[in-house]
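Asker: Fold the following for me, if possible:
(6 chains)
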Number of protein chains: 6
Amino acid sequence: MPVLQVEMLKGRTVEQKREMVNKVTAVVAETLKCPKEVVTIIIREMEAENIAQAGVLKVDSK
Amino acid sequence: MPVLQVEMLKGRTVEQKREMVNKVTAVVAETLKCPKEVVTIIIREMEAENIAQAGVLKVDSK
Amino acid sequence: MPVLQVEMLKGRTVEQKREMVNKVTAVVAETLKCPKEVVTIIIREMEAENIAQAGVLKVDSK
Amino acid sequence: MPVLQVEMLKGRTVEQKREMVNKVTAVVAETLKCPKEVVTIIIREMEAENIAQAGVLKVDSK
Amino acid sequence: MPVLQVEMLKGRTVEQKREMVNKVTAVVAETLKCPKEVVTIIIREMEAENIAQAGVLKVDSK
Amino acid sequence: MPVLQVEMLKGRTVEQKREMVNKVTAVVAETLKCPKEVVTIIIREMEAENIAQAGVLKVDSK
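Answerer: Presented below is the predicted three-dimensional model:
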């Protein structure tokens, strides 16, 4: 029944997301001892102006 | 003071959202014994490539 | 596939939660046109010192 | 290590976001006694049809 | 209508939380140009075994 | 800069969490092409009375 929310910068391809959810689900099921079927992953993509570290927007720190 | 976050696939109309928040707020207020005025609902819509079940993106499982 | 997160103050009984998830799932399924089976609800309970409105902790505004 | 998620209506400028994350990070670091470097802020912008108060979508209550 | 969720390690006093929500609300209202009354802040406290950076639990990295 | 939130039932050991964050971070870094250092994982544990599927609390469906 684990639900994962993944917040990341925009720019990944569908192929990268496909591989990510496939591998994350596998290791979550393995380490938490649950069937893969009950793992849900939600991806949220952010613009670089919507994430900040240390008080600085990513769009300004690149 | 309940705050609800609803994660769902894109594609619903404004009319559907209007009806959903109206009815969800009513049953939340009724069952949790609080005034409707203090219920906040945030809707987040996802592309089918941003949600996965059992390690498979929704866009691949349709 | 809707996933709902409900943030609320501590103090509700299991019976209230049972009724809340039952009724919220029903109206979500009805208004968003999806089977009840795909609706997930996560409840998170807060202490009154962990929620603030207008800059004032709930524990101070009661 | 604080992680903040800020949900707000669309329409703010990058300059407003820049100032917001700068000042929020400063007061979080000051009040929680942690270095600014460990503070992460994620901004999520909503359409007015995706937020409701008291069972009414913001788009209908303006 | 901004809703903030603050995830942080356990161990802060109520006085620190009180000061944090007071000051964060003030700078959010000032920079986003909204009344303080519409700002909601939810605090979630974590054990050090429930947060990881770089693949290492905080409880192991202290 | 990915931030992951993992919602799961209570009952896992610290060793399971340690292994989970280690392996999830590795596959996230690999598939999203980012250094492990920028991956943050937040774990939130739920009681079985705080998660529902298909309108039924987990505590009732075991």
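Asker: how about the residues of chain A near chain B?
Answerer: Within chain A, the positions adjacent to chain B are A:14, A:17-18, A:21-22, A:24-26, A:36-45 by CB under 8 Å from any CB of the partner chain. To be clear about C-beta, it is placed using only N, CA and C from the backbone, and glycine gets the same treatment.
Asker: Doesn't residue A:45 lie inside a helix?
Answerer: No. Judged by DSSP: H, G, I helix; E, B strand; the rest coil, residue A:45 forms no part of a helix; its state is strand.
Asker: Can you give me the distance of it to residue A:16?
Answerer: 12 Å (CB to CB, to the nearest Å).
Asker: Return the residues in contact with residue A:3.
Answerer: Contacts for residue A:3 (CB atoms under 8 Å, 6 or more residues apart in numbering or on different chains) come out as A:40, A:41, A:42, C:3, C:40, C:42, F:6, F:7, F:8.
Asker: can we see that at 7 Å?
Answerer: A:40, C:3, C:40, C:42, F:7 (CB atoms under 7 Å, 6 or more residues apart in numbering or on different chains).
Asker: When residue A:45 and residue A:16 are compared, which one has more neighbours?
Answerer: Neighbours per residue, other CB atoms under 10 Å in any protein chain shown: of residue A:45 and residue A:16, the larger number sits with residue A:45, 17 against 14.
Asker: what about that one, distance to residue A:12?
Answerer: Counting by CB to CB, the separation of residue A:45 from residue A:12 is 8 Å.
Asker: Mind checking which of the contacts of residue A:3 are in strands?
Answerer: Taking DSSP state E as the definition of strands, these contribute A:40, C:3, C:40, C:42, F:7.
Asker: Do you know the pLDDT at residue A:1?
Answerer: On the pLDDT scale, residue A:1 is placed at 85.
Asker: That one against residue A:38, yeah?
Answerer: Yes. Using CB atoms under 7 Å, residue A:1 makes contact with residue A:38 at a distance of 5.1 Å.
Asker: re earlier: show me which of the contacts of residue A:3 are buried.
Answerer: Neighbour-count burial (16 or more other CB atoms under 10 Å in any protein chain shown) is assigned, among the contacts of residue A:3, to A:40, C:3, C:40, C:42, F:7.
Asker: Would you mark the buried spots in the host helix or strand of residue A:16?
Answerer: Taking DSSP states H and E as the criterion, residue A:16 maps to helix A:14-32. Under the neighbour-count criterion of 16+ other CB under 10 Å, helix A:14-32 has A:17-25, A:27-29, A:31-32 buried.
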